[in-house]
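Trainee: task: produce atomic coordinates for the following.
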Amino acid sequence: MQRFLFFILLFSFLSHLPAHAGSSAWQKDQDVSVRLISAVEGTGTETRIPLGLEIQLAPGWHTYWRTPGEAGQPPRFNWQTSMNPGGNLQDVQVLFPAPQRYSEQGIETIGYRDHVVLPIEAQVLSPGKALVLDTKLELLVCSATCIPKQFSFLLAIPPGEATPGPEASLIQEAQKRVPLSSGAAELTITNVQRNPDNLVITVSKKTPFSAPDIFIENDHNVVFNKPEVVMNEDKSTATFRLKTSAALPEGVSLATLPVTITITDNGQALEQKLDESFVPAGDKKHCMLWYFFLLALIGGFFLNLTPCVLPVLSLKILSVINHGGGDNCAVRRSFFTTALGILFSFLLLAGVTIGLKETGQAIGWGVQFQQPLFLVFLILLLTFFAANLWGLYEINLPRFLADKFDPQYHPKLAGDFASGAFATLLATPCTVPFLGTAVGFALAAGPTEILLIFTALGLGMAVPYFVVTLWPRLATALPRPGAWMIKLKHVLGWVLAVTATWLLWVLSIQLTLSSALEVAGGMLGIIVLLYLRRRTLFRRFVPAAIACIILFVLGIAFFSKPSEASVTSGPWQSFNELEISRYVSEGKTVFVDITASWCVNCKANKQFTFSRSEIFSRLFQSPDVVPMQADWTNPNPQLGLFMKRFGRFGIPFNAVFGPKAPQGIILPEIITPAAVFEALDKAKNES
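Mentor: Reported below is the predicted structural model:
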């Protein structure tokens, strides 16, 4: 008997000790079982740790969503015991998967039954240290009656590598069920009618609707009845008519009341705030498409003036000078071919972007520069272009294309087309005025909009070439080429070589210095082989040797592990999205800069704006301003999602948050001191 009592006491004691990486002990009774789980075995160097609350309900029982409906209570957590250096917890965000509707005795409630996992993001105070959670939970569960439950959890996640734990898949699946924002979900809000006493919301879906539902949240405790749902014949569109379950509070009208709606159907869910700034996708598509098309045309033209395209200036200069005193027909043919190269490249980018978006991949302007394989590909192109300008070989069109043109122009047309395509590739890391807005609209919309906007970008960038095509005298009026052209070509070849060196530096940040040096050695080897190609003895072996070098350097990019180096340095504080709201609540202003080693415009902003004494003093020496910088040199999905919430898909990205602007003020791509000062003044706490 004494031994039995000893084991009972031992079990009771152990059940209250903190469980280590994986999950807390189950807290059970006959109605519900709950536990706290972790997706990782250690905290690693992460600032946010993915957790989850797993709830297993007995048959016939349910619990509630964050907005329970006409009755009920959402889950209530108390994390205060862990918010100290010992617990290492700074902040917590609880996410809610798409809920279900329950109708009982004429009362509409919203929640979950059977089994659900609520994803939780825990921000740590000190990365690398253990996270010890001592958490309390109030949970209301209902069947024929409702019973409030109280639970306590102890969970310790030790320091060490943040490898996925046994419960990682549970949390990942739950995260997939959290409603997506507009533009990321399969569901699209196409029309909203806001009447004084009812709402009519129309939603489209890429696949047929099966059992659509909608849930409404607001700050005035206005509760809505179950919606009337009408679907069109092919079930691609659902229209919800919503009325309140009780009279509206005095002075409240649904025509102006800001609400947050959550639309669900067969595992798909969309969450969207409807306020005065919201524009339905249908209105955007029909009223604003041509506006964004015009912005893309202007932005495409401005790409010709960016530092990114300057390396191709050598090819542009030569293409103009080569036509000095020449034939008008040849000029038209040459410049029109370059314009086709630009358009072809933008259409190719549009196709790749559509493919990535349809498969759920991360998309953005310039994200290909985050891939070492793409950088090595560009370095190879620059090497071959430079070698061509140095006279080591000629660029020829493939035979099936060459047969379509006069043989006299084969090499020239190949170079013209290639220079247009090459200019497009080098332009993509740069964001100019108008371009970011147009691309943001396209990437948040569908395939048609992406294709149209990217075509407009190509047309805009090709404008100078179309102008010369129409007025060839702009090129033929120049002096005829002479011997001086050979020296000029050599100099401009070195311009391309310098650009390749810059890309090698970017590669050294993304991978390692040794990997970049190996690629550089391969490029030097190609130059030497092209030089030796002119000698009969080596001509036979050169193509095979060059092919081996190309495979070698591409293999380096493909198999090397990305570096975790960051360009964030100096007086900047590392970017932390959860910290922004805390600083703002303390009355401070936060300036966010997202940059990358391959972003030329980011370097320009740093050189001509951030380095100015008055800006430096305001950003880095003011106690009320917190400068945060993030590095997007390598892929970072969290940064991509952060920018996406502001309708931006590329960098430079600069935003200011403050007591007067908690939602953020987005700055233009090319920022000026005046723009920085204006945003800081608008956002700061003037009290």
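Trainee: wait, doesn't residue 198 sit right on residue 248?
Mentor: No. Judged on Cβ atoms under 8 Å, residue 198 makes no contact with residue 248 at a distance of 10.6 Å. No exception for glycine: its C-beta is placed from N, CA and C like everyone else's.
Trainee: overlap of the contact sets of those two?
Mentor: Residues touching both residue 198 and residue 248 (Cβ atoms under 8 Å, 6 or more residues apart in numbering): residue 254.
Trainee: tell me the domain ranges of the chain?
Mentor: The domain map for the chain lists 16-177, 181-278, 282-559, 573-683, with the assignment taken from automatic domain parsing.
Trainee: let's have those in JSON lines, adding mean pLDDT and mean neighbour count.
Mentor: Converted to JSON lines, those look like this (pLDDT from 0 to 100; neighbours: other Cβ atoms under 10 Å):
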{"stretch": "domain 16-177", "mean pLDDT": "91", "mean neighbour count": "18"}
{"stretch": "domain 181-278", "mean pLDDT": "88", "mean neighbour count": "16"}
{"stretch": "domain 282-559", "mean pLDDT": "76", "mean neighbour count": "18"}
{"stretch": "domain 573-683", "mean pLDDT": "86", "mean neighbour count": "18"}
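Trainee: helix, strand or coil for residue 90?
Mentor: At residue 90, secondary structure determined by DSSP: H, G, I helix; E, B strand; the rest coil is strand.
Trainee: any idea how far it is from residue 488?
Mentor: 60 Å (Cβ to Cβ, to the nearest Å).
Trainee: and what of residue 93?
Mentor: 59 Å.
Trainee: one more: residue 580?
Mentor: 51 Å.
Trainee: ok, residue 583 next?
Mentor: From residue 583 to residue 488 the distance is 54 Å (Cβ to Cβ).
Trainee: and if you look at residue 235?
Mentor: 65 Å.
Trainee: next one: residue 86
Mentor: 69 Å.
Trainee: between the two ends of stretch 176-189, how far is it?
Mentor: 20 Å (Cα to Cα, to the nearest Å).
Trainee: residues in contact with that stretch?
Mentor: Here stretch 176-189 has contacts from 95-98, 119, 201-207, 261-265, 267-272, 280-281, 443-445, 644-645, using Cβ under 8 Å, 6+ apart.
Trainee: in strands, which of these appear?
Mentor: Among those, the members falling in strands (DSSP state E) are 119, 201-205, 261-265, 268-272.
Trainee: for residue 158, state which of those is nearest.
Mentor: Nearest to residue 158 out of the ones in strands among the contacts of stretch 176-189 is residue 119 (Cβ to Cβ; 21.5 Å).
Trainee: dig out what the closest one forms beta bridges with.
Mentor: Beta-bridge pairing of residue 119 under DSSP bridges involves residue 52.
Trainee: correct me, but it touches residue 49?
Mentor: No. Checked against Cβ under 8 Å, the pair residue 119 and residue 49 is beyond contact range at 11.5 Å.
Trainee: which residue ranges form the helices in the stretch 1-150 of the chain?
Mentor: Remark: helices assigned in the stretch 1-150 of the chain by DSSP state H, counting those that start in this stretch are 2-14.
Trainee: again, but for the stretch 301-450 of the chain
Mentor: Under DSSP H, counting those that start in this stretch, the stretch 301-450 of the chain gives helices at 313-321, 328-358, 372-389, 399-402, 410-427, 435-444, 447-470.
Trainee: now those helices as TSV including distance to residue 532?
Mentor: Output for these, formatted as TSV (distance: least, Cβ to Cβ, whole Å):
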stretch	distance to residue 532
helix 313-321	25
helix 328-358	30
helix 372-389	12
helix 399-402	26
helix 410-427	22
helix 435-444	44
helix 447-470	36
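Trainee: and of these, who's closest to residue 138?
Mentor: helix 435-444 (38.5 Å).
Trainee: could you pull out the strands for the stretch 51-200 of the chain?
Mentor: Ranges of strands within the stretch 51-200 of the chain are 62-69, 76-78, 89-94, 100-104, 107-113, 115-124, 131-142, 146-157, 180-181, 187-194, 198-205, based on DSSP state E, counting those that start in this stretch.
Trainee: quick one: list the elements packing against the first one.
Mentor: For strand 62-69, the contact count by 3 or more Cβ pairs under 8 Å, 6 or more residues apart in numbering; DSSP states H and E identifies strand 100-104, strand 107-113, strand 131-142, strand 213-217 as packing neighbours.
Trainee: if we look at the first one, which residues are touching it?
Mentor: Applying Cβ under 8 Å, 6+ apart, the contact partners of strand 100-104 are 62, 69, 108, 109, 110, 111, 112, 113, 213, 215, 226.
Trainee: closest to residue 347 among those?
Mentor: residue 213 (40.1 Å).
Trainee: contact partners for the residue lying closest to the closest one once chain neighbours are set aside?
Mentor: The shortest distance from residue 213 to any non-neighbouring residue, by Cβ to Cβ, 6 or more residues apart in numbering, is to residue 264 (5.2 Å). Neighbour list for residue 264: 98, 99, 179, 212, 213, 214, 215 [criterion: Cβ under 8 Å, 6+ apart].
Trainee: could I get these as a markdown table with distance to residue 172?
Mentor: Shown next, in a markdown table, are those (distance: Cβ to Cβ, whole Å):
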| residue | distance to residue 172 |
| --- | --- |
| 98 | 16 |
| 99 | 19 |
| 179 | 16 |
| 212 | 25 |
| 213 | 24 |
| 214 | 26 |
| 215 | 24 |
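Trainee: now flag whichever of these is closest to residue 547.
Mentor: The closest of the contacts of residue 264, once distances to residue 547 are taken by Cβ to Cβ, is residue 179, at 50.4 Å.
Trainee: quick check: that closest one vs residue 271, distance?
Mentor: From residue 179 to residue 271 the distance is 4 Å (Cβ to Cβ).
Trainee: any common contacting residues for the two?
Mentor: Shared contacts of residue 179 and residue 271 (Cβ under 8 Å, 6+ apart): residue 262.
Trainee: identify the bridge partners of the closest residue to residue 26 other than its chain neighbours.
Mentor: Spatial nearest neighbour of residue 26, chain neighbours left out: residue 35 (4.8 Å); criterion: Cβ to Cβ, 6+ apart. Beta-bridge partners for residue 35, by DSSP bridges, are residue 54.
Trainee: what about residue 35, distance to residue 192?
Mentor: 41 Å.
Trainee: could you do residue 121 as well?
Mentor: 30 Å.
Trainee: ok, residue 342 next?
Mentor: Counting by Cβ to Cβ, the gap from residue 342 to residue 192 is 39 Å.
Trainee: got it, and residue 154?
Mentor: Residue 154 is 46 Å from residue 192, by Cβ to Cβ.
Trainee: what does residue 519 give?
Mentor: The value you get for residue 519 to residue 192, if Cβ to Cβ is used, is 53 Å.
Trainee: beta-bridge partners for residue 631, please?
Mentor: With DSSP bridges as the rule, residue 631 is bridged to residue 595.
Trainee: surely it touches residue 595?
Mentor: Yes. Using Cβ under 8 Å, residue 631 is in contact with residue 595, at 6.6 Å.
Trainee: before we move on, back to that, check whether the residue nearest to residue 26 really touches residue 51, as I assumed.
Mentor: No. Distance between residue 35 and residue 51: 10.9 Å, which falls outside the contact criterion (Cβ under 8 Å).
Trainee: helix or strand: which one has residue 598?
Mentor: Using DSSP states H and E, residue 598 is not contained in any helix or strand.
Trainee: so how far is residue 657 from residue 614?
Mentor: 21 Å.
Trainee: again with residue 442
Mentor: 26 Å.
Trainee: likewise for residue 464?
Mentor: Taking Cβ to Cβ, one finds residue 464 at 40 Å from residue 657.
Trainee: spit out the contact partners of residue 300.
Mentor: Counted by Cβ under 8 Å, 6+ apart, residue 300 has contacts 435, 456, 457, 458, 459, 460, 461, 462, 463.
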